[in-house]
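Visitor: Task: produce atomic coordinates for the following.
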Amino acid sequence: MASKGTRGPPPAKKSKTCGSGRHKKEWESPDFEKGRYAGLIKPSSEGPTHTFCIPCRKSIKVTASGVYDLRAHFDTQAHKKCVEKSKTYRSMDEHFQPAAAVKPTPSNATEAEVMFCHFVAEHNLAPLVADHFTDLVKKMFPQCTVAKEFACKWKKTTMVIKDTLAPHYSPSDRGNEEWTVYNHD
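Guide: Below you'll find the model as predicted:
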């Protein structure tokens, strides 16, 4: 009778991926797929198996099919809607200039919203105060076009402070100049 040999446990199976399974820098290139993804994606903070969609502010898992996962996301209505919205945004750099270079300009609702967000951050107010303030401004100044267009509730206030104001208040961005969002005479 032959003795049965003992074998160790079977080797662990590797998970299969159909595509590359990782974010590739070439996807960001204007030459890749006629620049479809250029300026709209970047590597995700969740790791190399994800790609970050800038307009949607969302991380996309690309382990299953690589660039095909990205294509599927780009074909969704939600993504298309986010891209359309992002085309109407003005650059926030227009609102941040060294104090010496600031010239008086006609005020508009966007500038008022940025100033309000700066005020909330500077005085460490809860962003929820924005919900009441937005309604209050419209009641206080019913004839003013800026007040009518002013729409800066808590979510927008939080996003402007976190994503727009905060990066401009690091020493490397600011340098030695005094930065301001306010217009000076």
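
Visitor: now the one helix or strand residue 112 maps to: how far from the chain's centre is it?
Guide: Here residue 112, judged by DSSP states H and E, is contained in helix 109-122. Mean C-alpha position of helix 109-122 versus that of the full chain (C-alpha atoms, centre = their mean, to the nearest Å) differs by 18 Å.

Visitor: Would you mark the buried spots in it?
Guide: Buried residues in helix 109-122, counted by 16 or more other C-beta atoms under 10 Å: 109, 110, 111, 112, 113, 114, 115, 116, 117, 118, 120, 121. C-beta: built from backbone N, CA, C; applies to glycine.

Visitor: for the record, mean pLDDT for that helix?
Guide: On average, the pLDDT along helix 109-122 is 86.

Visitor: now do stretch 68-75
Guide: Average pLDDT, stretch 68-75: 90.

Visitor: Mind listing what's buried along it?
Guide: Buried residues in stretch 68-75 (16+ other C-beta under 10 Å): 69, 70, 73, 74.

Visitor: now do stretch 30-43
Guide: Neighbour-count burial for stretch 30-43 flags 37, 40, 41, 43 (criterion: 16+ other C-beta under 10 Å).

Visitor: Give me the residue ranges of this protein where confidence is low.
Guide: Along the chain, segments meeting pLDDT under 70 span 1-6, 8, 11-20, 90-107, 169-185.

Visitor: Okay, strands next: where are they in the protein?
Guide: In the chain, the segments counted as strands under DSSP state E are 41-43, 50-53, 58-61, 97-98, 179-180.

Visitor: where does the second one sit relative to the chain's centre, distance-wise?
Guide: Right, strand 50-53. Here strand 50-53 is found 12 Å from its chain centre; the criterion is C-alpha atoms, centre = their mean.

Visitor: Just the C-alpha atoms of it, please, in PDB.
Guide: Written as PDB, here are the backbone C-alpha positions of strand 50-53 (Å, rounded to 0.1, in the frame of the first residue of the first chain):
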ATOM      1  CA  HIS A  50      -8.800  54.200  -8.300                       C
ATOM      2  CA  THR A  51      -9.000  57.300 -10.600                       C
ATOM      3  CA  PHE A  52     -10.400  60.600  -9.300                       C
ATOM      4  CA  CYS A  53     -13.000  62.400 -11.500                       C
END
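
Visitor: what residues does it touch?
Guide: Identification of contacts with strand 50-53 by C-beta atoms under 8 Å, 6 or more residues apart in numbering yields 23, 27, 40-45, 58-62, 70, 73, 79, 82.

Visitor: Tell me how the protein divides into domains.
Guide: 25-86, 92-180 (automatic domain parsing).

Visitor: I'd like to know which of those domains is closest to residue 7.
Guide: Taking C-beta to C-beta, domain 25-86 is the member of these nearest to residue 7, at 31.4 Å.
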